[in-house]
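**Student:** predicted model, plus sequence, below.
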Amino acid sequence: MDSIRNSRSTDESIVDRVLAGDVDAFEEIVLRWQTPLLNLAYRFSRDRLLAEEMAQEAFLKVFRNLGRWRRDAKFSTWMFSVATNHYRTILRRHVPPKVELSELDAATTAGDLAGEMDQEANDSIVRRAVALLPPKYRDAIVTYYFQQQDVAETAGILGLRPGTVKARLHRARKLLETKLRALKHPLAAATQESAR
Amino acid sequence: MTHAKIDELDRILTSEEELQPMTGFSVRVMRAVREEAATPAPIPFPWERFLPGVLLNAGLLLGAAVWLLLASWGSASSQTIPTEWFSNPQARGLLWATLTVAGTGLLAWTATRWASPRRESWF
């Protein structure tokens, strides 16, 4: 709890310094948050280079809008919200999905789904299938798992009510299941067995 | 999804390996940030000057439209313009062209006048 409070006050004090004109202080924000912002970008894009570019631009957006951070929300919540909006805009307007269903299909048929394909490959297919979900479900599921399954935090970042987040997560899982079943993925296969 | 499947999905989506930024990432970000900070702030759009002009022109256009409608229906306004004008396509075209030119001229005049630094004290 103390570490959370300290982290919050540290962010606040750094932001205060930046707003007072100390641009170099922003480097502390970058160093503190570069890994989370990069990983969030990667979960949206599934493209390493694009993720770096997206994260860099997200930091610029955060810098430009620092003065708009209302202190009633945690700095991290606000920052992830700015970054998520930016990532969504980039993926919607400029970049087609990097992962195609046919690509996943090829990956699943390349190995024997009954047993030979290793766990990591299967997990990777699930993660990449998430990127193919319709944006509002993708956003909910990516943010929810990125935020350690915290519905309230996810709602804060996406600007939604917690009930809406839960509904979107439920729908996202259903869609994901349908996609994985089409690919004869073990996760969906297990679903069918357990449903019987 | 059953609980077992949700648990499995949870495991897959929470156990992702963490990426580390490439070397020099923060340096690149800070370079961009410093460039951004060194760039003068963009001049805000002068809404307080722009809006009155837009409203004035909208009002003029609306007034002209109402006036034309009344004139074409033979109301009191029709006494100022002969109704046969509206049955003559050439006269009608001329009227519209005049109104368009006058509107454009007025808009240009308003914009130039209000954008002029000498009129800074207006608002």
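**Tutor:** Perfect, thanks for sending it.

**Student:** ok, now which ones touch the residue of chain B found nearest chain A?
**Tutor:** Proximity of chain B to chain A (C-beta to the nearest C-beta) peaks at B:Leu13, 4.0 Å away. No exception for glycine: its C-beta is placed from N, CA and C like everyone else's. By C-beta atoms under 8 Å, 6 or more residues apart in numbering or on different chains, the residues touching B:Leu13 are A:126-127, A:130, A:141, A:145.

**Student:** again, but for A:Asp150
**Tutor:** Contact partners of A:Asp150, counting by C-beta under 8 Å, 6+ apart, are A:Tyr144.

**Student:** what comes up buried for stretch A:130-140?
**Tutor:** Buried residues in stretch A:130-140, counting neighbours by 16 or more other C-beta atoms under 10 Å in any protein chain shown, are found at A:130-133, A:137-140.

**Student:** please apply the same query to stretch A:172-183.
**Tutor:** The neighbour-count check on stretch A:172-183 (16+ other C-beta under 10 Å) flags A:172-173, A:175-177, A:179-180, A:183 as buried.

**Student:** do it and chain B come into contact?
**Tutor:** Yes - using C-beta under 8 Å from any C-beta of the partner chain, we find that stretch A:172-183 touches chain B at A:173-174, A:176-177.

**Student:** for these, work out which two are farthest apart.
**Tutor:** The distance between the two most remote of the residues of stretch A:172-183 next to chain B (C-beta to C-beta) is 7.2 Å, for A:Lys174 and A:Leu176.

**Student:** returning to that earlier point: and chain B, which of the contacts of B:Leu13 contact it?
**Tutor:** A:126-127, A:130, A:141, A:145.

**Student:** name the nearest of those relative to A:Asp47.
**Tutor:** Nearest to A:Asp47, judged by C-beta to C-beta, of the ones next to chain B among the contacts of B:Leu13 is A:Arg127 at 12.7 Å.

**Student:** pretty sure the closest one sits against B:Glu16.
**Tutor:** Yes - counting by C-beta atoms under 8 Å, A:Arg127 touches B:Glu16, with 6.5 Å between them.

**Student:** between the two, which has more neighbouring residues?
**Tutor:** The residue with more neighbours, out of A:Arg127 and B:Glu16, is A:Arg127; 19 against 15, by other C-beta atoms under 10 Å in any protein chain shown.

**Student:** host element of the more buried one?
**Tutor:** helix A:119-131 (DSSP states H and E).

**Student:** other SSEs contacting the helix or strand that that helix is followed by?
**Tutor:** The element immediately downstream of helix A:119-131 (helix or strand, assigned by DSSP H and E) is helix A:135-146. Applying 3 or more C-beta pairs under 8 Å, 6 or more residues apart in numbering or on different chains; DSSP states H and E, one finds that helix A:135-146 contacts helix A:26-45, helix A:75-93, helix A:119-131, helix A:151-158, helix A:162-182, helix B:3-14.

**Student:** how does it look with 6 Å?
**Tutor:** The contact analysis (3 or more C-beta pairs under 6 Å, 6 or more residues apart in numbering or on different chains; DSSP states H and E) places helix A:135-146 against helix A:26-45, helix A:151-158, helix A:162-182.
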